[in-house]
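what would the 3D arrangement of this be:
(one chain, ligands or ions: 2)
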Amino acid sequence: MKIRKPLILAVFLCTVILFQQCAKKDDTAAAVATDPQPTLPATAFNYNIVYPAHIQNALLLNDNTPVDNPITNDGATLGRVLFYDKHLSKNNTVSCGSCHKAATSFSDDQQLSKGFAGGNTARHSMALLNVRFYKSGKMFWDERAASVEKQALQPIQNTVEMGLTLAELESKVAALNYYPALFQKAFGSTQIDSVRIAKALAQFERSIVTYQSKYDQVKQGVAVFTPDEATGEQLFLTAPPGVLTCAGCHAPPMFLTSTPAAPFAFPDPTDAGINGQNRFKSGSLRNIALTAPYFHNGAVSSLTVMLNGGPPGSPTFVPAHSVSPTDAPKILAFLQTLSDQTVTTDTKFSDPFK
Ligand code: HEC
Ligand code: HEC
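Ligands and ions are numbered 1, 2, ... in the order given. The predicted structure follows:
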């Protein structure tokens, strides 16, 4: 009898400890051996393209690449793997590529995107094209991230989108067998941390540049616009006196400006926007015909709906964006010349886990 009491006590204590361990068990899903491995080429793809002159000149003036994070082929390759790796979300269900789908020009065809637990994002996803040309480097519709690098860690920590802490991110990435070699190639050592993860993601994102559209062929003198496209370009570049042109806010050749004239289009009283001014940035209009729906809230379903919103005062009118019924088809024809399907199909931008 004398020996039994401590034994019962010990069993009891063990049960309590076991129970506590279970109760506080983290629900962050670990990687398992059967998880898919990335398929990568023996020699890295080339992410350092010399663009045609009309693009290269714009890059010289606007490039937001910091001196300590130039694009290298191995850095962008690591960034590509991270971009499509679902281990970067809490329960291994969502990657950057889930909301920025290559097939829709790194945007989402849904008005709002679904995060790792099924919750909706607050705004419409943005097309990750030509981010390198946004001179100020400020990211998000409300420009709250100061650079592409700073932006990259925010979705990972967002409680709706990917739901990890930076410590969880680092230990999950470090536990995957394919990463040490990729970090070694990209940064010269196998050290894995969030600064390097952000840098690699930013390199991959900056490499996504459209330069092979009909518009680009016309600018290089190897194709010609149809009469409607040519008229549409003129309408885009010019406007009646006193009115801002489309190009005033969406400057060619990448069709963006990171210092657009106030007042911005489409003020939204329900969303604080940039500096609490209810206004929003516009990324590149390249591939715009492929990235519906539109605007920060995804409320405009198509370019036709936007252009044909009717006269000022009508409920569907979009300020600065609805034009006359005769101009609408011509501007639409011009906008369609900005589509470059190569970024949506090129293997170097595609999901290496598929
Ligand atoms: C659950 C969906 C979702 C996931 C996952 C996601 N994003 Fe986004 N992304 C969005 C939404 C929505 C916005 C716009 C949010 C806003 O402006 O408030 C956005 C905006 C951005 C922007 C700003 C682009 C610009 O022109 O200002 C960048 C860059 C970006 N995401 C990169 C990433 C990267 C890198 C990852 C992975 C680490 C990622 N996103 C994961 C939905 C997502
Ligand atoms: C005063 C500046 C300004 C003018 C002028 C302007 N835009 Fe915009 N445009 C913006 C801003 C800012 C946004 C993003 C607003 C938002 O999301 O609420 C935008 C959004 C867009 C979008 C949707 C982009 C997306 O990613 O969803 C298209 C397409 C567009 N503009 C085309 C045009 C065309 C065509 C014209 C001329 C008829 C024009 N814009 C004139 C500032 C302007």
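
who in the stretch 151-300 of the chain is up against ligand 1?
151, 152, 155, 156, 161, 162, 201, 205, 283 (Cβ under 6 Å from any ligand atom). Backbone N, C-alpha and C define where each C-beta goes, glycine included.

need those residues in TSV with distance to ligand 2, pLDDT and secondary structure, can you?
Formatted as TSV, those follow (distance: Cβ to the nearest ligand atom, whole Å; pLDDT from 0 to 100; DSSP: H, G, I helix; E, B strand; the rest coil):
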residue	distance to ligand 2	pLDDT	secondary structure
151	16	98	helix
152	20	98	helix
155	18	98	helix
156	23	98	helix
161	19	98	coil
162	22	98	coil
201	21	98	helix
205	16	98	helix
283	6	93	coil
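
nearest to residue 28 among these?
When those are compared for distance to residue 28 (Cβ to Cβ), residue 162 wins out at 11.0 Å.

skipping adjacent residues, who's closest to the closest one in space?
residue 89 (4.0 Å; Cβ to Cβ, 6 or more residues apart in numbering).

got a list of what that neighbour touches?
95, 115, 116, 156, 161, 162, 163, 164 (Cβ atoms under 8 Å, 6 or more residues apart in numbering).

how about a cut-off of 10 Å?
Under the criterion of Cβ atoms under 10 Å, 6 or more residues apart in numbering, the neighbours of residue 89 are 28-29, 95-96, 98, 115-117, 155-156, 158, 161-164, 169, 172.

for residue 141, same thing?
By Cβ under 10 Å, 6+ apart, residue 141 lies in contact with 122-124, 126, 268, 271, 273-274, 279-283, 295-297.

for ChimeraX, what selects the buried ones among those residues?
To isolate the buried members of the contacts of residue 141 in ChimeraX, using 16 or more other Cβ atoms under 10 Å:
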select :123,124,126,268,273,274,279,280,281,282,283,295,296,297
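
least confident of the contacts of residue 141?
Scanning the contacts of residue 141 for pLDDT, the low point is residue 268. It has 84.

if I read this right, it contacts residue 295, doesn't it?
Yes - with contact defined as Cβ atoms under 10 Å, residue 268 and residue 295 form a contacting pair (8.5 Å).

what about the residue nearest to residue 162, distance to ligand 2?
25 Å (Cβ to the nearest ligand atom, to the nearest Å).

how near is that residue to ligand 1?
7 Å.

break down the stretch 201-350 of the chain into its helices, ranges please.
Counting by DSSP state H, counting those that start in this stretch, the stretch 201-350 of the chain has these helices, from start to end: 214-219, 227-237, 246-249, 303-307, 328-336, 342-345.

if you count neighbours, what's buried in the first one?
Of the residues in helix 214-219, 214, 215, 216, 218, 219 count as buried by neighbour count, 16+ other Cβ under 10 Å.

output the helices of the stretch 201-350 of the chain in TSV; the columns should cover distance to residue 178 and mean pLDDT.
Below are the helices of the stretch 201-350 of the chain laid out as TSV (distance: least, Cβ to Cβ, whole Å; pLDDT from 0 to 100):
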stretch	distance to residue 178	mean pLDDT
helix 214-219	36	98
helix 227-237	45	97
helix 246-249	43	90
helix 303-307	41	96
helix 328-336	40	97
helix 342-345	24	95
